[in-house]
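In: structure for this input, please:
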Amino acid sequence: MKKELLSPAGDFECLKAAIHAGCDAVYIGGKKFGARKFAHNFTNEEIVEAVKFCHLYGVKLYVTVNTVVYEEEMEEVLEYVYFLYKSHVDALIVQDIGLIYEIHKRYPDFELHASTQLHNICQENCQILEELGVKRVVLARELTLSEIEAIKTPLEKEAFIHGALCICYSGECLFSSLVMNRSGNRGECSGMCRLPYTLENSSSKIPFPGSYLLSTRELCTVSRLEELMKSDITCFKIEGRMKSPLYVYFVTKIYRKLMDQYERGEKLEITKEDLETLQVLYNRKFTEGHLFNKTEKDLMNIESPNHSGITLGKVLAVTPSKIKISLLRPLRQGDGIRFLENQEGMTVNFLYDSRGKLIREAKKGDTVYVRNHVHLLKSSDVVKTSDSKLYEDFLSASPRKVPIEMKFIARENKELKLEIWDGKNLIQVSSGKSEVALKLSTTKEEVYNQLNRLGETPYQISSCKILMDEHLFIPKKEINHLRMKAIEKLTEARLFRKDVQEMKKYVPKISKSNEKDVQICCLVRSEEQLKSALEFSVKRIYVTDFKLYQKYKNYPGIFYRMERIHPDNKSTSSHVATELWQLEKSPLATDYYLNVTNSSFLQYLKEKKVHCVTLSKELTLPQIKNIASKETSLELEVLVYGRVELMIMKYCPLSLIKRENNSTDSNSYFLVDRNKKRYPLLFEQNLTHIFSYQKEWFQEKEKDALIKSGISYIRLEFFEENAKEVKNILEKYQQWITKTEKIC
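Out: Here you go, the predicted model:
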């Protein structure tokens, strides 16, 4: 099975760089609905040109529409999808299940890829996606290679092989959204995992060798590519829509070279130069990631969240004007360097040898001077963070060419014929006539020279057959005309456009009345909390502990809230789904982790026989009212109190330090940010959950409107509260509901 190399492009220059470096496909985002909002991205006009440019080179173009979609946006996003469909985009990368549901109903021939934002972790997830019409699944970066191969599915598998890693399962991070009001699910991630934190237990701060406890290294799998090539992964994906054309070009080029070596049956040669190029382009130290079972120490870089560069040398002496450096690698004017002592960087605009003479470049082992623009005061290690020679090589690189075979036929007093074959399209044209030469005959070399005048076109001749009678004269203009005519037809064929269906409007049904009697639902984590909820006659109680659920399951209104991530095959008569794949287990309700933000998703859940849906925690009150106004028999639930889960990670910060009595550790742990906000941690089955520092999620002035919005339940989630606290909170919210209903 031939593997696809998929490269990122944040703008048109990156797209060109990816194509000329040898990718098989490119993924881009438009100005809206993409998970990289702060990349340059593509206008609609640029997308049309990008499709043409890609298809001209035989490269596929995928467009990301991988944010959650709010109800008020669904009509607009479906119009955008239709624009992409009729523009002959090869596939869409989508996160929102409601949007996938709508697209497949309207345009079943439009190829859909399920974004990694759906944290696709298992075979059951793939089965759900297959039913929804998805063709390819972008697998979670937390999966190992063996886990990927254990997934048996007809869907194509896509996996990340290089670039930045999220520490949280993709699509499950609410940290940026609920703390900074910038949603990662909307492409606005503020990078909370790249900020400094301290770790504290119930009584003290825990010392760490670094402050960036959530910052991962960069994924790099060049040394394991042979294993990946032997796997059943269809597509290898490079992360980097925020990266430069230089980065996109060289990362793509290096992986392309290695993949081609494997396809030719050659030994993969990862050169020292290739590795150093990848390092200087961008790295936060490299890791082979969960893909190859790396430990936390190999996965994380808690010392720094920034580009680490590559070791350049050591400072020998410092003056206010000059810095003396002993080089372990070459250094050139225009290179970027950083001094680790003060973490200050600079571009080397002036480089001097050991005698103070201005030079253009220095080699390994030389001693050089640079100007002290960074106010360095003492000796330091130095790293190179950019390489001017790479940029020069990039600018002078040869463009990609499409190999074509030509066959030219010239017979006496008959039309000239030219055939072109690009491996897929056969073009045949004829024009003019040849004549018997009166003086000089046209040679095959002269014919070839005219056929080979391909100029700025993307084509190059790989083979050329010239069949000619002897003693013929063929005017050059006739050969040129024939060549141009054939090339024009070939280009048209390569840009072939299939027929598309008519656009289908989005017309949601509006409910006549959306006010309902609102009741309390609560989630409990202890028996003490559960008993308090039962005494208060709470209508619906979600229990996170399975043993506790079994003990109380015969009480009315008791539901088991299923585990996250890990396959949860526990037998229950009533449960709440926390993961997409759990929908196959006929849950009564779904949790807010499913990111339900529109009525199309609700309609899909209704078809899966779900009765109650907890809406996304990212919705505002007007958005909740908008969804509730749509016609549905589903009960809607909104979380109003409790510590929301901000992250779920396949990583434990405590694993980076030695702990005594690990098995009996009863401490409570907190992640503490720069503003002294304390985020509780919960450790379960090799997963770490980070919870919010706050508990109240609606302002007083919003509460009455929420009760009248059309929802059926408000949810209270208890974390560390004791029985008395649970009772007080239940009473507070019941009074709020009663007061509002009386006013109504």
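In: residues contacting the helix or strand hosting Thr688, please?
Out: Using DSSP states H and E, Thr688 sits within strand 687-691. With contact meaning CB atoms under 8 Å, 6 or more residues apart in numbering, strand 687-691 is reached by 175, 564-566, 643-653, 671, 679-683, 719. In this view, the C-beta of every residue, glycine as well, is placed from N, C-alpha and C.
In: now the buried members of those residues.
Out: With burial judged by 16 or more other CB atoms under 10 Å, the buried subset of the contacts of strand 687-691 is 175, 564-565, 643-651, 653, 671, 679-682, 719.
In: take those residues and keep only those in strands.
Out: 645-649, 671, 679-682 (DSSP state E).
In: surely Asn598 meets Val69?
Out: Yes. The criterion here is CB atoms under 8 Å, and Asn598 meets it with Val69 at 5.5 Å.
In: between the two, point out the one with more neighbours.
Out: A side-by-side neighbour count of Asn598 and Val69, using other CB atoms under 10 Å, places Asn598 first with 30 against 25.
In: state the distance from the more buried one to Ile624.
Out: Asn598 sits 12 Å away from Ile624, going by CB to CB, to the nearest Å.
In: for Ser379, helix, strand, or coil?
Out: What DSSP: H, G, I helix; E, B strand; the rest coil gives for Ser379 is coil.
In: which residues does it contact?
Out: With CB under 8 Å, 6+ apart, Ser379 has these contacts: 314-318, 341.
In: if I look at Thr234, how far off is Glu4?
Out: 6 Å.
In: Val640 too?
Out: For Val640, the distance to Glu4 - CB to CB - is 46 Å.
In: against which helices or strands is the host helix or strand of His20 packed?
Out: Assigned by DSSP H and E, His20 belongs to helix 12-21. If you count contacts as 3 or more CB pairs under 8 Å, 6 or more residues apart in numbering; DSSP states H and E, helix 12-21 packs onto strand 4-8, strand 25-29, helix 44-56, helix 245-263.
In: what angle sits between that helix and strand 25-29?
Out: 170 degrees (axes from the mean of the first three to the mean of the last three CA atoms, to 10 degrees).
In: ok, and what's touching helix 12-21?
Out: 7-9, 26, 28, 42, 46, 49-50, 53-54, 57, 59, 241, 243-246, 248-250, 252-253, 256, 394, 397-400.
In: which residue packs closest to Arg217, ignoring adjacent ones?
Out: Thr287 (4.0 Å; CB to CB, 6 or more residues apart in numbering).
In: just the pLDDT at that neighbour, thanks.
Out: Note on Thr287: pLDDT of 98.
In: gap between it and Ile233?
Out: With CB to CB as the criterion, Thr287 and Ile233 are 18 Å apart.
In: what do you get for Lys363?
Out: 41 Å.
In: so which of the two has more stuff around it?
Out: Ile233 (22 against 10).
In: so the more buried one versus Ile128, what's the distance?
Out: 20 Å.
In: kindly report the same for Phe350.
Out: 60 Å.
In: for the worst-scoring helix or strand of the chain on mean pLDDT, packing partners?
Out: Scoring the helices and strands of the chain by mean pLDDT, DSSP states H and E places strand 435-436 at the bottom, with a mean of 84. The contact analysis (3+ CB pairs under 8 Å, 6+ apart) places strand 435-436 against strand 472-473.
In: can you pull the buried residues of the next helix or strand after the strand it packs on?
Out: As assigned by DSSP H and E, the chain's next helix or strand after strand 472-473 is helix 476-494. Across helix 476-494, burial judged by 16+ other CB under 10 Å covers 478-479, 481-483, 486-487, 490-491, 494.
In: circling back: tell me the one of the contacts of Ser379 nearest Arg106?
Out: Glu341 (59.3 Å; CB to CB).
In: what is the burial count for that closest one?
Out: With other CB under 10 Å as criterion, Glu341 counts 16.
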